[in-house]
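S.K.: Show me how the following folds:
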Amino acid sequence: QVQLVESGGGLVQPGGSLRLSCAASGITSGYYHIGWFRQAPGKEREGVACLSTSDGSTYYSSSVKGRFTISRDSAGNTVYLQMNNLKPEDEAVYYCNYVSIGGANYWGQGTQVTVSS
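M.R.: Numbering: from 1, shown residues only. Okay, here's the model as predicted:
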């Protein structure tokens, strides 16, 4: 059973930065995709950034490209989302997501990011 625990959310002023962390456990072997989604009130959950462990490739949504960076620690147990130049429209609950090559799909509990002056 894969477990994902997010942390690092909070209140930040527009233009500020935050780094989210996703601690993953229970991943045994094989390639997988791990990334971040977000959901604002009244809106659908949307993909923000994703990393593929098969080749290290990354994906970013157009709304965050150039401002957010996804990375993984050397042990592969923690995935980060560095968020710079935050805007009010980035305010949402951010979720960590894991998808195995076999299609197993797991979500974290989410962490709130609030962007306000």
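S.K.: Buried ones in the host helix or strand of L4, by neighbour count?
M.R.: Assigned by DSSP states H and E, L4 belongs to strand 3-7. Across strand 3-7, burial judged by 16 or more other Cβ atoms under 10 Å covers L4, E6. C-betas here are computed from N, CA, C, even on glycine.
S.K.: Sheet partners, orientation included, of it?
M.R.: strand 18-25 (antiparallel) (DSSP bridges).
S.K.: Quick one: mean pLDDT over the strand it pairs with.
M.R.: Mean pLDDT, strand 18-25: 96.
S.K.: buried residues in whatever helix or strand comes next after that strand?
M.R.: Sequence-wise, the next helix or strand downstream of strand 18-25 (DSSP H and E) is strand 32-39. Neighbour-count burial for strand 32-39 flags Y32, H33, I34, G35, W36, F37, R38 (criterion: 16+ other Cβ under 10 Å).
S.K.: can you pull the contacts of the third one?
M.R.: Which is I34. Shown in contact with I34 (Cβ atoms under 8 Å, 6 or more residues apart in numbering): C22, A24, C50, L51, T53, R72, V79, C96, N97, Y98, V99.
S.K.: Many thanks, I have nothing further to ask.
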